[in-house]
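In: I'd like to go over a predicted model; first the sequence, then the structure.
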Amino acid sequence: MAAIAVLAVSSVSMASLAAADEPFLTVSGTVHCVDNAYTLTVPREKIQTGTTSYYFLDGASLSNATQIGNEQPLQAGQDATATWTPTTSGTHKLWMRGISNGSAITIGPTAVDVVDQAPEGASCAVDGASGAGIGGLFSSLSAD
């Protein structure tokens, strides 16, 4: 019986460690290029309870960052996401601001290097697909 309890505690500890190692803010794709669309994601597990809306930012610091898209309502049990299309190369710092009871909670920054074009043998597309990622595949399969 004690062995079962130890096993259960070990499983919970391992799951907690795995969740703790996950990044707070991720960007789809592996090579990020100017004028290509990528998805920014903050997993629901990383968002503070009570957060009612959010928006993403791109800038060297919060005081000079540019908002990406509009403020979005946070749906219970869903990740926070936005589409980001970098327009300049270089290192971009990405942030998420969550709004909870009128206060802002910040996640980030996550630094992302953006290039003008992918190096030989690499692709700017998400998951190596052509175009802007899997969305292009689905639109090509839709019936007219």
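Out: Looks like it arrived, so ask away. Keep in mind it's a predicted model, so treat the numbers as computed, not measured. Residues are numbered from 1 along each chain as shown.
In: ok, now which ones touch the closest residue to Arg44 other than its chain neighbours?
Out: Distance criterion C-beta to C-beta, 6 or more residues apart in numbering; nearest residue to Arg44, sequence neighbours excluded, is Asp79 at 5.2 Å. Using the backbone N, CA and C atoms, a C-beta is placed for each residue, glycine as well. By C-beta atoms under 8 Å, 6 or more residues apart in numbering, the contact set of Asp79 is Thr41, Val42, Pro43, Arg44.
In: likewise Phe56?
Out: Leu40, Gln67, Ile68, Gly69, Ala80, Ala82, Trp84, Leu94, Trp95, Met96, Arg97.
In: I'd like those laid out as JSON lines, including distance to Ile107 and secondary structure.
Out: Converted to JSON lines, these look like this (distance: C-beta to C-beta, whole Å; DSSP: H, G, I helix; E, B strand; the rest coil):
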{"residue": "Leu40", "distance to Ile107": "11", "secondary structure": "strand"}
{"residue": "Gln67", "distance to Ile107": "15", "secondary structure": "strand"}
{"residue": "Ile68", "distance to Ile107": "13", "secondary structure": "strand"}
{"residue": "Gly69", "distance to Ile107": "16", "secondary structure": "strand"}
{"residue": "Ala80", "distance to Ile107": "9", "secondary structure": "strand"}
{"residue": "Ala82", "distance to Ile107": "13", "secondary structure": "strand"}
{"residue": "Trp84", "distance to Ile107": "15", "secondary structure": "strand"}
{"residue": "Leu94", "distance to Ile107": "9", "secondary structure": "strand"}
{"residue": "Trp95", "distance to Ile107": "7", "secondary structure": "strand"}
{"residue": "Met96", "distance to Ile107": "4", "secondary structure": "strand"}
{"residue": "Arg97", "distance to Ile107": "8", "secondary structure": "strand"}
